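Engineer: fold the following for me, if possible:
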Amino acid sequence: QAVPAGSHVRLNLQTGEREAKLPDRENGESDTREERRRKRLGKVDVNANSFTSEELKKALAKMKESEKAERKVSFLFLKQCTVRKKFRPIEQLKEEFEKLNMKIETDYEIMVKLISKFNSSASTLDEKVAALYDLEYYVHQV
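Structural biologist: Numbering: from 1, shown residues only. Next up is the predicted model:
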């Protein structure tokens, strides 16, 4: 929904709704309907019976720009919400896997183990070669 220029707009993160508030005057009174209309339309003479084509073009361009910006914001918000629904934090996943007696490791942790295996004097030549191949795979991803 279109919001008059100069309004205070915020996104309520608890409800997910966008909220708008008309700005108050310095003395605490809200603007009258006519003043809000005049502000919204800019320097257009609102009392005239007709508008020039330039004034109409400018007003239409403002409306299109605000509509595009609003669509972009709502699209990004929806995309962010759907992504959050699909994925869970790594800490939560680790806790759930620990309950199943499974340990989940990040790529970094695996790479540290492979490097220590390669540097270990107790490792055989075949184990070191296998560690290098595995390291190559993980480093290639990075």
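Engineer: Met111 is in what secondary structure piece?
Structural biologist: Here Met111 sits within helix 107-119, counting by DSSP states H and E.
Engineer: who touches the next helix or strand after that helix?
Structural biologist: Counting by DSSP H and E, the element after helix 107-119 in chain order, helix or strand, is helix 125-141. With contact meaning Cβ atoms under 8 Å, 6 or more residues apart in numbering, helix 125-141 is reached by 107, 110-111, 114-115, 117-118, 123. Backbone N, C-alpha and C define where each C-beta goes, glycine included.
Engineer: buried subset of those residues as a PyMOL selection?
Structural biologist: Applying 16 or more other Cβ atoms under 10 Å to these, the buried members can be selected in PyMOL as follows:
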select buried, resi 111+114+117+118
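Engineer: dump the contacts of helix 125-141 to CSV, plus pLDDT and distance to His140.
Structural biologist: Formatted as CSV, the contacts of helix 125-141 follow (pLDDT from 0 to 100; distance: Cβ to Cβ, whole Å):
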residue, pLDDT, distance to His140
Asp107, 88, 11
Ile110, 91, 14
Met111, 92, 12
Leu114, 93, 13
Ile115, 93, 15
Lys117, 92, 18
Phe118, 91, 16
Ser123, 89, 22
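Engineer: turn the contacts of helix 125-141 into JSON lines, columns for distance to Val9.
Structural biologist: As requested, those are exported to JSON lines (distance: Cβ to Cβ, whole Å):
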{"residue": "Asp107", "distance to Val9": "41"}
{"residue": "Ile110", "distance to Val9": "46"}
{"residue": "Met111", "distance to Val9": "46"}
{"residue": "Leu114", "distance to Val9": "51"}
{"residue": "Ile115", "distance to Val9": "51"}
{"residue": "Lys117", "distance to Val9": "56"}
{"residue": "Phe118", "distance to Val9": "56"}
{"residue": "Ser123", "distance to Val9": "61"}
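Engineer: returning to that earlier point: distance between the helix holding Met111 and the chain's centre?
Structural biologist: 35 Å (Cα atoms, centre = their mean, to the nearest Å).
Engineer: where do the helices of the chain begin and end?
Structural biologist: Secondary structure of the chain, counting by DSSP state H: helices at 33-41, 53-86, 90-99, 107-119, 125-141.
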